[in-house]
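Asker: After the sequence you'll find the predicted model.
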Amino acid sequence: MISVGIIGHRNHAARLLDLVSAADQAEIAAVYHPDYVPPHPKGTSDIGALFDMDAVMIASPNHTHADYLDRFSKDFGGYIFCEKPAVSRKEDLDRLDIDPSRAFINFNYRHSGFAQAVTDARRDGRLGKPIQFSASMTQGLAFKADYPASWRADAAQHLHGVTETKAIHQIDLAFHIFGAPVDLRYTPSNQSGNGTAYDTCSVDLSFEGGASAHVFASYAGTLTTHLQLLGTNGRIEYRDGVLSCFSPRNTFDDRGYFAPPPETILRDYRNGPEDMYQESLRRAVAYFLDTAQSGGEFPESEMQASLNSTEFVLNLPTATGN
């Protein structure tokens, strides 16, 4: 059993708290906030308490990650879990110095049912060669009453807006599938008019060999999650709770015309205990905790991929022009 300290206790940090609390291999030993003692049995405002833990999880606002990573990379001997992005400013990325074997940046969609389905369908030929990835992830967060006063609405703190909190997951998936992009078109905007940060973005990417990706994310729309990878022999699709594979390409009707391929439902999350995001988060946390408990090492290639995705977003224009 390993001891875990978590920085943060609300919103996304609350999800991590629940997952670690339910894990067999770990226990919550500290829940930290710098300004007050969180309402948790292990709540503390003493950051020194975290340095006695086997692992620490950084689930604070993005713009605070750099300071925590800097402090724990120097004085902490345990394992570090940090929510994506690793940092939110280019100058912080340049000075980042962490041991990749003991640190994990959580791009948890790599652990999703969608990513696994893509791997399986590429291996068995149902997908063929991947040629186009598209993603739309939207919700109405920007219209909630408490949004204008939050860090997500403030361009000075949330430099890249929804791009660094939501779209970055799918940008990372596109990189995982196709490699580094060779060209891009980026269109950020504030559609709600609430706050100063971007609440909406569109990212179009081109890759070697002619593959492409389109990622759209917004805090100013109705709730939807739609992911699709089109291949030369089929496609993998996740739409609002249903993960499916459509294959093969050569499917014809009784006239000999191309017809939509038959659908194989791989997973229906709609009536289950968790959606695909929660499942992928649980798997990512389990992977981190298992590695920490066993005293293992994270592959250096994982950290490099995380930093590549982070760096890509940090090089995009920001709402403040930084």
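Answerer: That came in fine, so what should we check first?

Asker: any idea which element Ile105 lies in?
Answerer: Assigned by DSSP states H and E, Ile105 falls within strand 103-106.

Asker: what sits against Arg126?
Answerer: Asp120, Asn233, Gly234, Cys245, Ser247, Pro248 (CB atoms under 8 Å, 6 or more residues apart in numbering). In short, each C-beta sits where N, CA and C put it, glycine included.

Asker: and if we set it to 6 Å?
Answerer: Residues counted as contacts of Arg126 (CB atoms under 6 Å, 6 or more residues apart in numbering) are Gly234, Cys245, Ser247.

Asker: Strands - which of those land there?
Answerer: Cys245 (DSSP state E).

Asker: now the contacts of Arg126 as TSV including neighbour count?
Answerer: Formatted as TSV, the contacts of Arg126 follow (neighbours: other CB atoms under 10 Å):
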residue	neighbour count
Gly234	22
Cys245	21
Ser247	21
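
Asker: Looking at the contacts of Arg126, which is nearest Ala103?
Answerer: Cys245 (34.3 Å; CB to CB).

Asker: so where do the strands sit in the stretch 151-300 of the chain?
Answerer: For the stretch 151-300 of the chain, the strands defined by DSSP state E, counting those that start in this stretch occupy 181-189, 200-207, 212-218, 224-231, 235-239, 242-246, 263-268.

Asker: Tell me how this protein divides into domains.
Answerer: 2-108+283-298, 110-275+307-314 (automatic domain parsing).

Asker: Reformat the ones you listed as a markdown table; add mean pLDDT.
Answerer: What follows is the domains of the chain, written out as a markdown table (pLDDT from 0 to 100):
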| stretch | mean pLDDT |
| --- | --- |
| domain 2-108+283-298 | 95 |
| domain 110-275+307-314 | 96 |
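
Asker: most neighbours per residue, which of the strands of the stretch 151-300 of the chain?
Answerer: Of the strands of the stretch 151-300 of the chain, the one with the most neighbours on average (mean count of other CB atoms under 10 Å) is strand 212-218, at a mean of 23.

Asker: max-length helix in the chain?
Answerer: helix 276-294 (DSSP state H).

Asker: Next, the angle strand 200-207 makes with the next helix or strand along the chain from that helix.
Answerer: Per DSSP H and E, helix 276-294 leads on to helix 300-314 as the next helix or strand towards the C-terminus. Orientation check (axes from the mean of the first three to the mean of the last three CA atoms, to 10 degrees): helix 300-314 against strand 200-207 gives 120 degrees.

Asker: how near is Gly179 to Asp204?
Answerer: In this structure, Gly179 and Asp204 are 16 Å apart, going by CB to CB, to the nearest Å.

Asker: would JSON lines of the strands of the stretch 151-300 of the chain with distance to Ala13 be doable?
Answerer: Formatted as JSON lines, the strands of the stretch 151-300 of the chain follow (distance: least, CB to CB, whole Å):
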{"stretch": "strand 181-189", "distance to Ala13": "26"}
{"stretch": "strand 200-207", "distance to Ala13": "24"}
{"stretch": "strand 212-218", "distance to Ala13": "21"}
{"stretch": "strand 224-231", "distance to Ala13": "21"}
{"stretch": "strand 235-239", "distance to Ala13": "26"}
{"stretch": "strand 242-246", "distance to Ala13": "27"}
{"stretch": "strand 263-268", "distance to Ala13": "27"}
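
Asker: In contact with Pro148, which residues?
Answerer: Asn194, Gly195.

Asker: same question, Pro41
Answerer: Per CB under 6 Å, 6+ apart, neighbours of Pro41: none.

Asker: ok, now how distant is the closest residue to Pro61 other than its chain neighbours from Gly161?
Answerer: With sequence-adjacent residues excluded and distances taken as CB to CB, 6 or more residues apart in numbering, Pro61 is closest to Trp151, at 4.6 Å. The spacing between Trp151 and Gly161, counted by CB to CB, is 11 Å.

Asker: And Gly195, by the same measure?
Answerer: 9 Å.

Asker: Then Asp92?
Answerer: Relative to Gly161, and taking CB to CB, Asp92 is found at 17 Å.

Asker: Between those two, which is the more surrounded one?
Answerer: Under the neighbour definition other CB atoms under 10 Å, Asp92 and Gly161 were set side by side, and Gly161 has more, 30 against 19.

Asker: Quick one: distance of stretch 46-54 to the chain centre.
Answerer: 26 Å (CA atoms, centre = their mean, to the nearest Å).

Asker: Please identify the buried residues of that stretch?
Answerer: Ile47, Leu50, Phe51, Met53, Asp54 (16 or more other CB atoms under 10 Å).

Asker: same thing with stretch 71-79?
Answerer: Under 16+ other CB under 10 Å, the buried positions of stretch 71-79 are Phe72, Phe76, Gly78, Tyr79.
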